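Visitor: pasted the sequence and its predicted model underneath.
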Amino acid sequence: MSYYVIGVGGSGARCVEALIHLCAAGLAPKKVDNIKFVMVDPDTANSSWTRTAEIAKTYSDLREAPKGACDFQRLLIERLGSVWSPFGESRAESQKLEQLFNYPALPPESRGLFDVLYTPQQRRVKLDIGFRGRPSIGAAIFGATLDATKAEPWTGLVGDIGTATAGGDKVWVFILGSLFGGTGASGLPTIARLLTSAPSVTRASMAVGGAFLLPYFQFTVPPNPGHEVYADSLAFPRQTRQALEFYGLMPSDYNRIYAVGVDQLISQKSFSVGGSDQINRAHVVELLAALAAMDFFATGVPGLPAGGQCAIIARERPREFTWTDVPNIHWQDGGTRAHTLQSREKIGQLARTAFAYLKLFYPHLKQALHDAKSAAQTPWLVDLIKNHGVDLNEKPVEDTLSAGAKLLASYLRWLQELHTDTSSLQVRLADVQALGDLTNVKEDPSVLDESRFSNLVEGWKDRSLTDVWRLMCARRDRGPIPRVGGLGYFFKALYELCG
Amino acid sequence: MKGYFFKNLLLAVGGLVLSAAVVYYLLIPVEAALLRELVSPESGTVEEWAADFSGLQSWVIVTSLVVALVWLLVALIDPGRHGSLRRWWMALGLVAVLLGLVACIWLPQAQSGVVYAVLLSVLNAALLYWLGTAWWTPATHKYDPFGSQFLRARLPW
């Protein structure tokens, strides 16, 4: 069985980031042991993708180095290529719609049609930083450039899916993106069509799902935005409605669609047309979209889309988002044995692990790298690290410990960002007062408030950090544990004691 | 966490009593027999002198037990997050040894060989303190006593 995730546009990038965090938290169904993801964005410098790619790399580094049995080491996440842009290798600042379609050389009637569809400003706007919230521009470009026979990662992706489905293997593809912007709205239908219509793919063995993000943020456009064409959040609801009508009227290539949104939009503080300036904070909608992917992998059925069913879930309280609003992942083995992954327990366990590691254990490990004497008397350092053949003076060990800190810090930051906007929606998943400014938490763990550790996860009171330390000292894994080696013993113990 | 404290306290107290029993029932009779060969009492028989020595060692065992118990309680309460307490362990060990030495004041007079009795008394105090703490110190400070890593690697818990 193969699982693919495709993130389209900036929102797609942040959904993939959420998905990686959920994989790290152990919310992927047991049958999923490998997820490959593709990044799609004309704005290849989009900071959301940079962040997602970095987290994916750190995740892989941590998974590979210490053999471990933790949830955050179980799944293999592979990135297929770098960010794919419809402008391909020729991406340049001068890319414009009329150049791409060779507007001056078009026959008069085609040029006339072009004039009806696009304003002169839209025809001439530089597209290197995306479609600027205009799906009409994006759809034309995706339609003209998306080709499974010409460019990676599509050639490889379609080839892999074709080979797998021809051999009777089942394939799940999940596409995430926003319906209200430019890139997502134009990429979501075209990419699904590309994959399902490829001659080499056996459709009956493939399931295609999508998380379509409805408007969830807004921003104020300054009086002089500095560009003629730019995304305008006032147009988001209208564009979303048009897009939903498209999916309602046209035959869909999707087996299942998850439409995820909120009634209160958050306000992004800064306006940016795109590029590395475009920094949007994580949002619970992205968390829900990533959970939708997990649900689809758990319960999606390959074959031609059947249609007909519509399920709706909503928040329990009007202006609050709590754990009761976060769905769990359910599935059945062969239709008989039921399984459930509890979202709060899994997300909370990794949050507590991250806090404990960054606040207490990582600083000790760093000190032990330079002070062998103290390391020789700290029980967990001896029993869970030294006695399993790990030499703290080795560079790869230091790198792994650093990767652990990086991944767990990014996880805490993501969790914190989910709570950032308090004006429209009160998110109550974790006590973010315990976290402080996480920018430099790897070097300065004092920003983490230890007194709040026991209640870090809302509605879940657990042992204190000192108690975790005590139990780590008491912990001894006698004899080898299958699939665990080196630093994996340490991470396993810490993760289990934070659960 | 109640389980952690209860288990460690039980192991500490039980282990100390066991260590004391080993010293009292196995070591001291051997030492008394040895001293019968080495000591010439000023008055009375050598058997009486050895019996007095054995009685005095009961006091040495009690004082060492108390000192070791103090250490075990300190180790149980302190989580060890701010580093090792090895210096405290050594200081308490010195107290146990000094108390063993002080006990020698009450040794009966002898013409010769009393130095062996003093040495054995100090040895008993140090040995009991070391055995009791190296094996039974609670988890957070279990490797503070010298040699504890070697000993505890052979324990089933």
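Guide: Perfect, thanks for sending it.

Visitor: where does chain B get nearest to chain A, residue-wise?
Guide: residue B:139 (3.6 Å; CB to the nearest CB). C-betas here are computed from N, CA, C, even on glycine.

Visitor: where do the helices sit along chain B?
Guide: When secondary structure is read from DSSP state H, chain B shows helices at B:2-22, B:28-38, B:46-77, B:86-103, B:114-136, B:148-152.

Visitor: so which of those helices is the most surrounded?
Guide: Mean neighbours per residue, mean count of other CB atoms under 10 Å in any protein chain shown, is largest over the helices of chain B for helix B:114-136, with a mean of 22.

Visitor: residues in contact with the residue of chain B closest to chain A?
Guide: Contact analysis of residue B:139 by CB atoms under 8 Å, 6 or more residues apart in numbering or on different chains lists A:379, A:470, A:473-474, B:4, B:8.

Visitor: give me the distance between it and residue B:117.
Guide: With distances taken as CB to CB, to the nearest Å, residue B:139 is found 38 Å from residue B:117.

Visitor: can you check residue A:441 too?
Guide: Counting by CB to CB - residue A:441 and residue B:117 are separated by 61 Å.

Visitor: go on, residue A:29?
Guide: From residue A:29 to residue B:117 the distance is 73 Å (CB to CB).

Visitor: equivalent analysis for residue A:325, please.
Guide: Residue A:325 is 78 Å from residue B:117, by CB to CB.

Visitor: how much space separates the residue in the stretch 51-200 of chain A that chain B sits nearest to from residue A:97?
Guide: With CB to the nearest CB as the measure, residue A:70 is the residue of the stretch 51-200 of chain A nearest to chain B, at 22.0 Å. In this view, residue A:70 and residue A:97 are 48 Å apart by CB to CB.

Visitor: repeat that for residue A:58.
Guide: 37 Å.

Visitor: these two: who's more crowded?
Guide: residue A:97 (24 against 21; other CB atoms under 10 Å in any protein chain shown).

Visitor: phi first, then psi, for the more buried one.
Guide: phi -60, psi -40 (degrees, to the nearest 10).

Visitor: what is the neighbour count of the closest residue to it other than its chain neighbours?
Guide: Among residues not flanking residue A:97 along the chain, residue A:123 sits closest, at 5.1 Å (CB to CB, 6 or more residues apart in numbering or on different chains). By the criterion of other CB under 10 Å, residue A:123 has 19 neighbours.

Visitor: on the three-state scheme, residue A:123 is what?
Guide: Remark: residue A:123 carries the secondary structure label helix [criterion: DSSP: H, G, I helix; E, B strand; the rest coil].

Visitor: cool, and residue A:26?
Guide: Of the three states, residue A:26 takes coil according to three-state DSSP.

Visitor: before we move on, back to that, what pLDDT does the nearest residue to the residue of the stretch 51-200 of chain A closest to chain B once chain neighbours are set aside get?
Guide: Distances taken as CB to CB, 6+ apart place residue A:495 nearest to residue A:70, at 4.4 Å, with adjacent residues excluded. Note on residue A:495: pLDDT of 93.

Visitor: and residue A:495, which helix or strand is it part of?
Guide: helix A:488-497 (DSSP states H and E).

Visitor: buried ones in that helix?
Guide: A:488-495, A:497 (16 or more other CB atoms under 10 Å in any protein chain shown).

Visitor: possible to save those residues as TSV with distance to residue B:125?
Guide: Shown next, in TSV, are the buried residues of helix A:488-497 (distance: CB to CB, whole Å):
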residue	distance to residue B:125
A:488	44
A:489	38
A:490	38
A:491	43
A:492	42
A:493	37
A:494	40
A:495	44
A:497	38
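
Visitor: for stretch A:292-308, buried residues please.
Guide: A:292-298, A:300, A:302, A:305.

Visitor: list the contacts of the residue of the stretch 51-200 of chain A closest to chain B.
Guide: Residue A:70 touches A:488, A:491-492, A:495, counting by CB under 8 Å, 6+ apart.

Visitor: repeat that for residue A:185.
Guide: A:135, A:138-139, A:177-179, A:239, A:243.

Visitor: which phi and psi values does the residue in chain A positioned nearest to chain B adopt?
Guide: In chain A, the residue found nearest to chain B is residue A:474; the distance is 3.6 Å by CB to the nearest CB. Per-residue torsions, residue A:474: phi -80, psi -10 (degrees, to the nearest 10).

Visitor: now do residue A:35
Guide: Dihedral angles (degrees, to the nearest 10) for residue A:35: phi -130, psi 130.

Visitor: residues in chain A within reach of chain B, list them.
Guide: Within chain A, the positions near chain B by CB under 8 Å from any CB of the partner chain are A:360, A:374, A:376-379, A:382, A:463, A:466-467, A:469-471, A:473-474, A:476.

Visitor: just give the closest residue to residue A:185, not the sequence neighbours.
Guide: residue A:135 (3.8 Å).

Visitor: how deep is that neighbour tucked in, by neighbour count?
Guide: Neighbour tally, residue A:135, other CB under 10 Å: 26.

Visitor: show the contacting residues for it.
Guide: A:181-182, A:185-186, A:239, A:242-243.

Visitor: so which of those are in helices?
Guide: A:185-186, A:239, A:242-243.

Visitor: of those, closest to residue B:43?
Guide: residue A:185 (108.8 Å; CB to CB).

Visitor: run through the stretch 1-150 of chain A and note the low-pLDDT ranges.
Guide: Residues of the stretch 1-150 of chain A meeting the criterion pLDDT under 70: A:65-69, A:89-94, A:128-130.

Visitor: assign residue A:441 to helix, strand or coil.
Guide: Residue A:441 - assigned by three-state DSSP - is coil.

Visitor: surely it is in contact with residue A:358?
Guide: Yes - Residue A:441 lies in contact with residue A:358 (CB atoms under 8 Å); the separation is 5.5 Å.

Visitor: identify the contacts common to the two.
Guide: A:409, A:412, A:448.

Visitor: which one of those sits in the busiest neighbourhood?
Guide: residue A:412 (24 neighbours).

Visitor: please give me every residue in contact with that one.
Guide: By CB under 8 Å, 6+ apart, the neighbours of residue A:412 are A:351, A:354-355, A:358, A:435, A:438, A:441.

Visitor: need the residues you listed in TSV with pLDDT and secondary structure, can you?
Guide: Converted to TSV, these look like this (pLDDT from 0 to 100; DSSP: H, G, I helix; E, B strand; the rest coil):
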residue	pLDDT	secondary structure
A:351	97	helix
A:354	97	helix
A:355	98	helix
A:358	97	helix
A:435	94	coil
A:438	93	coil
A:441	93	coil
